[in-house]
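Engineer: 3D model of this:
(2 chains)
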Amino acid sequence: MKQVHVTIDQMGNPTIEGKGFTGKECDAATKAIEDHLRATGTAVTKEYKPEANMGGGGTTQQQTARW
Amino acid sequence: MSHTTQIGNVAIRDIPALRSAAQELKDKGTMCELVEKAHPRLWAQGPLCDYVLKLPQCRFDVGFAKQADGSYSPITDLHGGMIGKEIGAGPSCPMPNTHEGRAQHAIGALMQSYTKFATINVARSKGMSVASARVDDQGKVQLVLNAA
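Structural biologist: Modelled structure (predicted):
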């Protein structure tokens, strides 16, 4: 199943992770949330896990941001 | 002596999410109410703010002051750590070293809830659905969204 997991720490800082995506699908799925973060003036950094470059498997991407 | 702080590293744009966060705090036992067009209680007279989170059991409130870019920035008073006891991050959350980090820590519970609802709102607007939302044993919100 394709899902976006969002972990929000006790200070409200989110980490966004796509699971079950292939290739660039993950970018597309998390883009809406990322765009919203950027619209708030929030700095968004991306952190790609090694499996993000694996074709066909579960793609994982993390974005850490301050809201 | 004033401990009034405007928390410039926090920008709030989703007022419905802020309302939901205030309601969630209330549901969890914090006496609070989000009101419009009021002066927050600070060490000195607070400025007129579009939104104020009133905290009757605390000496101070949290105001949300509109910025030039249209977002709202929290303004509160950190004197005595009173705000943190009401709506701060839990004791298991490390205290940051910077002034702004400590200020964000002091309104951590509010910001965590706000971020959750703001994320849900934007996700739903993009056709996603909420699969689950829970708090883990580290006090972090774990939000799972099903992709559209």
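Engineer: for B:Gly80, give its distance to chain A.
Structural biologist: The gap separating B:Gly80 from chain A is 20 Å, by Cβ to the nearest Cβ, to the nearest Å. To be clear about C-beta, it is placed using only N, CA and C from the backbone, and glycine gets the same treatment.
Engineer: part of a strand, is that residue?
Structural biologist: No - per DSSP: H, G, I helix; E, B strand; the rest coil, B:Gly80 lies outside any strand segment and is helix.
Engineer: which residues does it contact?
Structural biologist: B:Arg59 (Cβ atoms under 8 Å, 6 or more residues apart in numbering or on different chains).
Engineer: for B:Thr5, same thing?
Structural biologist: B:Ile75, B:Thr76, B:Asp77, B:Leu78, B:His99, B:Ala103.
Engineer: most neighbours of all these, which one?
Structural biologist: Counting neighbours by other Cβ atoms under 10 Å in any protein chain shown, B:Thr76 leads those with 30 neighbours.
Engineer: surely that residue and B:Cys58 touch.
Structural biologist: No - checked against Cβ atoms under 8 Å, the pair B:Thr76 and B:Cys58 is beyond contact range at 9.7 Å.
Engineer: chain neighbours aside, what residue packs nearest to the residue nearest in space to the middle of chain B?
Structural biologist: Relative to the mean C-alpha position of chain B, the nearest C-alpha, by Cα atoms, centre = their mean, is the one of B:Leu110, at 3.1 Å. In space, B:Leu110 comes closest to B:Ile87 once its chain neighbours are excluded; the distance is 4.6 Å by Cβ to Cβ, 6 or more residues apart in numbering or on different chains.
Engineer: and B:Leu143, its phi and psi?
Structural biologist: Backbone torsions of B:Leu143, given as degrees, to the nearest 10, read phi -110, psi 130.
Engineer: specify the beta-bridge partners of it.
Structural biologist: A:Val6, B:Ala133 (DSSP bridges).
Engineer: dump the residue contacts of it.
Structural biologist: So B:Leu143 contacts A:His5, A:Val6, A:Thr7, A:Ile8, B:Lys116, B:Thr119, B:Ile120, B:Val130, B:Ser132, B:Ala133 (Cβ under 8 Å, 6+ apart).
Engineer: and B:Val35, by the same measure?
Structural biologist: Shown in contact with B:Val35 (Cβ under 8 Å, 6+ apart): B:Tyr51, B:Val52, B:Lys54.
Engineer: the second one touches B:Leu42, doesn't it?
Structural biologist: No - applying Cβ under 8 Å, one finds B:Val52 not in contact with B:Leu42, separated by 10.5 Å.
Engineer: any shared contact partners between the two?
Structural biologist: Common neighbours of B:Val52 and B:Leu42 (Cβ under 8 Å, 6+ apart) are B:Asp61, B:Gly63.
Engineer: picking up where we left off before, overlap in contacts, B:Thr76 and B:Cys58.
Structural biologist: Common contacts of B:Thr76 and B:Cys58, defined by Cβ under 8 Å, 6+ apart, comprise B:Ile83.
Engineer: which one of the contacts of B:Thr5 is nearest A:Ala28?
Structural biologist: B:Ala103 (35.4 Å; Cβ to Cβ).
Engineer: measure the residue nearest to A:Gln3 when sequence neighbours are not counted to A:Val4 for me?
Structural biologist: Distances taken as Cβ to Cβ, 6+ apart place A:Lys19 nearest to A:Gln3, at 5.2 Å, with adjacent residues excluded. The gap separating A:Lys19 from A:Val4 is 8 Å, by Cβ to Cβ, to the nearest Å.
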